[in-house]
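Participant: got a predicted model here, sequence first, then my questions.
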Amino acid sequence: MTSPASALAGRWNIVSWEQRYDDGRIVAPMGKALQGYLMYTEAGYMSVFICAGGRQPFASGLQFGGTQQEKAAAYDTVLSYGGRYEVQGDTVLHHVEVSLFPNWVGQVQKRRYTLEGDRLAVAATLEAGTPEARQIVLTWERAPVPTA
């Protein structure tokens, strides 16, 4: 019998990301042309990297040489974090060790998940009790295993 963690292991490609606000708004925070993936390992590690499609390169061509506007746009079009994970029932807990958003480091991100074939749906409530309270729903598709 496959354990829940084993069922999640592998690479998942992003299909969609919606934020459903308590006031009824539905927003695709990085648009609909997303790129990225979620990785779960058998050893209990996870990482996620999502970015908006069509990101603009820095005019200088230098990794750390962008203008303040270019750097802000680069930050606003990426979500990335990683660490250990564990599965508890229908919830996967991401124990964040590194993150583009420094406030998540040392925190646990709880995600409810459903797995149907090669589709993984992950959902969570963010910023409950604030004007920005929302449900996030990310849909992923299992990536094919590369052949040699």
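Facilitator: Nice, I can see it.
Participant: where does the residue in the chain sticking out farthest from the centre fall, secondary structure wise?
Facilitator: Distance from the centre of the chain peaks at Ser60, with 28.9 Å (CA atoms, centre = their mean). Remark: Ser60 resides in no helix or strand, with elements defined by DSSP states H and E.
Participant: and the pLDDT for the residue nearest to it when sequence neighbours are not counted?
Facilitator: Of all residues not flanking Ser60 in the chain, Gly66 sits nearest, at 6.6 Å (CB to CB, 6 or more residues apart in numbering). Yep, even glycine has a C-beta here, placed from its N, CA and C like the rest. Predicted confidence (pLDDT) for Gly66: 92.
Participant: now for Gly66, how many residues are close by?
Facilitator: 18 (other CB atoms under 10 Å).
Participant: which residues does it contact?
Facilitator: 58-60, 74 (CB atoms under 8 Å, 6 or more residues apart in numbering).
Participant: if you set the cut-off to 7 Å instead, what comes out?
Facilitator: Counting by CB atoms under 7 Å, 6 or more residues apart in numbering, Gly66 makes contact with 58, 60, 74.
Participant: which parts of this protein are strands?
Facilitator: When assigned using DSSP state E, the strands of the chain occupy the ranges 10-21, 26-27, 34-40, 45-52, 78-88, 91-99, 108-116, 119-126, 134-142.
Participant: dump the ones you listed into a markdown table; add distance to Glu70 as well.
Facilitator: Conversion of those to a markdown table gives the following (distance: least, CB to CB, whole Å):
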| stretch | distance to Glu70 |
| --- | --- |
| strand 10-21 | 23 |
| strand 26-27 | 24 |
| strand 34-40 | 19 |
| strand 45-52 | 14 |
| strand 78-88 | 13 |
| strand 91-99 | 21 |
| strand 108-116 | 28 |
| strand 119-126 | 27 |
| strand 134-142 | 27 |
